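Participant: Mind folding the following:
(one chain, ligands or ions: 1)
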Amino acid sequence: MPRDLQEIMEIKQEIRDRLSQKLSKREMNEALRDHHARRRPRPCGLTIHTGIGCPLRCTYCYIYDMGFGITVKPYPLKPEQLVYALVSNPYFIPGHDGTLIALGSVTEPFLPQTKELTIGYIDAISTYLGNPIQFSTKMYMDKRNARRIADLDPGISPLITIITIKHRSKLEPYAPSPELRFKTIENLAEAGLKPILFYRPIIPGIADKEHVDILMKAKHAGAIGVVAGGLRITENILRRLHEKGIPIDEIVRRSLQPIRGRKQVPIKTSDIKKNIMKTATSLGMKYFLQACMANIYTHGAYCFRMVKEHIVSEPYRLPAPSEIRDILGEAGLELLDTRIAGYTLIVYARGVCSKTKKFLLEELIKYKYRICVSIKLEKTCFTLI
Ligand code: SF4
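Facilitator: Reported below is the predicted structural model:
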């Protein structure tokens, strides 16, 4: 684990130096211009694009409203370039206790056209960085590929999406059948991994009726837990669902904002999530409230919230003020106070720093002590970078 900001910079520079022996000037410049070199991680980590577009055309998918197409091209960066982009990203922390990585947010990472690139990305990230990796997929993964992935990152967090069996031809007409996905779970478990059922998106009117059956089958196949996630709707998605004969009244009734145009509107699913959690618990499966928890867990760790929510029964020690003071001191900030609000450590500090550095400090404390962090600065930050 990098101890401070200086050490993070040195490790990133070292990796850039190693990669500059393997990449041409042009390849390095391409990596530097890529959004992976700039994007701020989300609370659940940094999403990595393995392709552009997706041919699976799931009826509920929002990527087409974001401008992605129905064909896929492998992402233009080769694996070493992707790592070069990551270590050039000012918000990225390398290492086993660094930024969480998620593959497969705006495409399916194991399509025939992108599978080898995705495995190449996993290989390069494991070789140069060691950051915890998670992927979500609907594709069938055979035993050989499950073993390949397990050899590259034995802690990798596989999320296998299954949200319906009955309505799959209406909702996921081009994706492999749920039966094949249960088989994927089996193959991943046999390879020594900890597969997790990804119940996302929860579709009201469907999930309520099918989730018990799906969880039981996933458990039987070897899934150790569940991550459930809500549904976001646009006008196009609503129209497609209606055209496929999926009842939309309940979805509209639960929408938290008016559904207009391409704006993704969240649909209330908290009550259904609760039922999924109850079922998971009764089956002896872990219920992870967020995907990042599953990523941390399969890599042998846990966070403050997982302890508080009884997802794990392990001891947790909050960082002492002196530890936070030392970290802030490196960045020229003075610690004023700390307190816990919900599941977040609030750090009150005084001093001047860039927004980038403040974010990096939050990330550093978050990953070091496994707790969400918010730094409140007495003085307004300068946006230097
Ligand atoms: S597989 Fe994923 S990215 Fe592709 S269409 Fe389905 S939901 Fe969208």
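
Participant: The strand or helix carrying Asp17: how far from the chain's middle?
Facilitator: Using DSSP states H and E, Asp17 sits within helix 5-20. Put simply, helix 5-20 sits 24 Å off its chain's centre (Cα atoms, centre = their mean, to the nearest Å).

Participant: Same check on stretch 126-146?
Facilitator: The answer for stretch 126-146 is 13 Å, by Cα atoms, centre = their mean.

Participant: Next: stretch 332-339.
Facilitator: 30 Å.

Participant: check contacts around the residue in the stretch 251-385 of the chain that the ligand sits nearest to.
Facilitator: Of all residues in the stretch 251-385 of the chain, Gln264 sits closest to the ligand, at 12.8 Å by Cβ to the nearest ligand atom. Using the backbone N, CA and C atoms, a C-beta is placed for each residue, glycine as well. In this structure, Gln264 makes contact with Tyr62, Asp65, Arg232, Ile233, Thr234, judged by Cβ atoms under 8 Å, 6 or more residues apart in numbering.

Participant: Switch these over to a markdown table; also include neighbour count, pLDDT and secondary structure.
Facilitator: Output for the contacts of Gln264, formatted as a markdown table (neighbours: other Cβ atoms under 10 Å; pLDDT from 0 to 100; DSSP: H, G, I helix; E, B strand; the rest coil):
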| residue | neighbour count | pLDDT | secondary structure |
| --- | --- | --- | --- |
| Tyr62 | 19 | 94 | coil |
| Asp65 | 17 | 95 | helix |
| Arg232 | 18 | 96 | strand |
| Ile233 | 26 | 96 | strand |
| Thr234 | 20 | 97 | coil |
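
Participant: So for stretch 179-197, mean pLDDT?
Facilitator: Averaging pLDDT along stretch 179-197 yields 98.

Participant: And stretch 8-24, by the same measure?
Facilitator: The model assigns stretch 8-24 a mean pLDDT of 97.

Participant: got the contact list for that stretch?
Facilitator: 2, 28, 31, 80-81, 83-84, 87-88, 92-95, 128-129, 360, 364.

Participant: and what of stretch 298-313?
Facilitator: In contact with stretch 298-313 (Cβ under 8 Å, 6+ apart) are residues 96-97, 132, 134, 155-158, 193-194, 196, 286-289, 293, 296-297, 314-316, 318, 343, 345, 369-372.

Participant: Tell me which entries of those residues lie within helices.
Facilitator: Among the contacts of stretch 298-313, the subset assigned to helices under DSSP state H consists of Met293, Ile296, Tyr297, Tyr369.

Participant: Which pair of those residues spans the longest distance?
Facilitator: Put simply, by Cβ to Cβ the two of the ones in helices among the contacts of stretch 298-313 set farthest apart are Tyr297 and Tyr369, 16.5 Å from each other.

Participant: Those two - which one has more neighbours?
Facilitator: The residue with more neighbours, out of Tyr297 and Tyr369, is Tyr297; 23 against 19, by other Cβ atoms under 10 Å.

Participant: Which residues are in contact with that one?
Facilitator: Ser157, Lys194, Gly225, Lys286, Phe288, Met306, Ile311, Val312.

Participant: Report the buried members of the residues you listed.
Facilitator: Ser157, Lys194, Gly225, Lys286, Phe288, Met306, Ile311 (16 or more other Cβ atoms under 10 Å).

Participant: Closest one of those residues to Ile259?
Facilitator: Closest to Ile259, out of all of these and judged by Cβ to Cβ, is Phe288, at 28.6 Å.

Participant: now whichever residue of the stretch 201-350 of the chain sits closest to the ligand: how far from Leu5?
Facilitator: Closest residue of the stretch 201-350 of the chain to the ligand, Cβ to the nearest ligand atom: Pro201 (8.5 Å). With distances taken as Cβ to Cβ, to the nearest Å, Pro201 is found 38 Å from Leu5.

Participant: the more surrounded of those two?
Facilitator: Set Pro201 next to Leu5 and count neighbours by other Cβ under 10 Å: Pro201 wins out with 24 against 16.

Participant: so what's the nearest residue to that one once chain neighbours are set aside up against?
Facilitator: Leaving aside its chain neighbours, Pro201 sits nearest to Leu231 (3.8 Å; criterion: Cβ to Cβ, 6 or more residues apart in numbering). Residues near Leu231 by Cβ under 8 Å, 6+ apart: Tyr60, Pro201, Ile202, Ile203, Pro204, Ile251, Pro266, Ile267, Thr269.
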